[in-house]
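*Asks:* Have a look; sequence and predicted model below, questions after that.
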Amino acid sequence: MKKDLDTTRDPIGYVKYRLKKKYFIDSVSVISTMNFLGKADSLAYRGKLGKTYGPFPKENILVKILAKAPSTFYHVKHILLDTAVFTPKFATGLADSIISRIQSGRANFADQASTYSSDHESSAKGGDLGWFVRGVMLKEIDTQLTKRKKGDLFKVWSPLGLHIIYIADNPKEDTGYGLLLRVVL
């Protein structure tokens with residue numbers, strides 16, 4: 001059945017009329033290229049266009065990748081200074097000091113992130129947020145990313161506090177969406 005599903009020119013018609021199986025068509029967004037929320041976004045990103053995957057343990061389904069579409073992804077590192085802990089004035093001074101130490105070479109971003117960032121998940125990775133799709137970050141950060149380039153180090157205020165942002169790579173076009181056919185066996 002998988003081979004036939006892989007090679008048919010009309011997979012939906014094949015499932016509906018020939019196999020007479022229940023099916024769903026899902027549009028899946030890829031938010032991050034490093035941390036997947038489940039099988040769907042992992043298959044949408046890593047799966048091969050036109051290929052059928054499954055059946056999966058405890059899920060009696062097959063999944064065929066029908067289409068993929070690109071989005072813009074950013075690779076960013078950040079340090080979050082939580083203004084629930086620091087006053088805005090202190091946070092601004094601390095951010096300026098951290099940026100100065102990094103730019104002068106007296107400190108590196110990863111060490112500063114692990115010391116100062118209140119985002120404990122990313123600070124454990126040196127502040128690295130990985131590659132994520134445009135539009136999923138806080139709007140204050142997302143707006144700044146479109147104006148900046150690789151290597152830029154800057155501050156951004158958001159409702160969460162003061163962020164020190166480092167753009168690790170140039171933006172890239174990558175798979176941002178997948179159209180998946182789920183066939184219930």
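*Replies:* Perfect, I can see it now. Residues are numbered from 1 along each chain as shown.

*Asks:* what ranges do the helices span in the chain?
*Replies:* All helices of the chain, identified by DSSP state H, fall at 2-7, 11-13, 39-46, 88-104, 109-116, 120-123, 139-145.

*Asks:* Redo those as CSV? Include distance to I164 and mean pLDDT.
*Replies:* Where C-beta positions appear, they are placed from N, C-alpha and C, glycine not excepted. Formatted as CSV, those follow (distance: least, CB to CB, whole Å; pLDDT from 0 to 100):
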stretch, distance to I164, mean pLDDT
helix 2-7, 48, 94
helix 11-13, 48, 96
helix 39-46, 29, 95
helix 88-104, 5, 97
helix 109-116, 8, 97
helix 120-123, 12, 94
helix 139-145, 11, 95
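
*Asks:* For V133, give its distance to V76.
*Replies:* 12 Å (CB to CB, to the nearest Å).

*Asks:* any residues in contact with both of the two?
*Replies:* Here V133 and V76 have no joint contacts, going by CB atoms under 8 Å, 6 or more residues apart in numbering.

*Asks:* The two: who's more crowded?
*Replies:* Remark: of V133 and V76, V76 carries more neighbours, 22 against 19, as counted by other CB atoms under 10 Å.

*Asks:* so who does G126 touch?
*Replies:* 77, 109-111, 113-114.

*Asks:* number of nearby residues for K48?
*Replies:* 11.

*Asks:* Give me the neighbour count for the closest residue to it other than its chain neighbours.
*Replies:* Distances taken as CB to CB, 6 or more residues apart in numbering place I65 nearest to K48, at 6.5 Å, with adjacent residues excluded. By the criterion of other CB under 10 Å, I65 has 21 neighbours.
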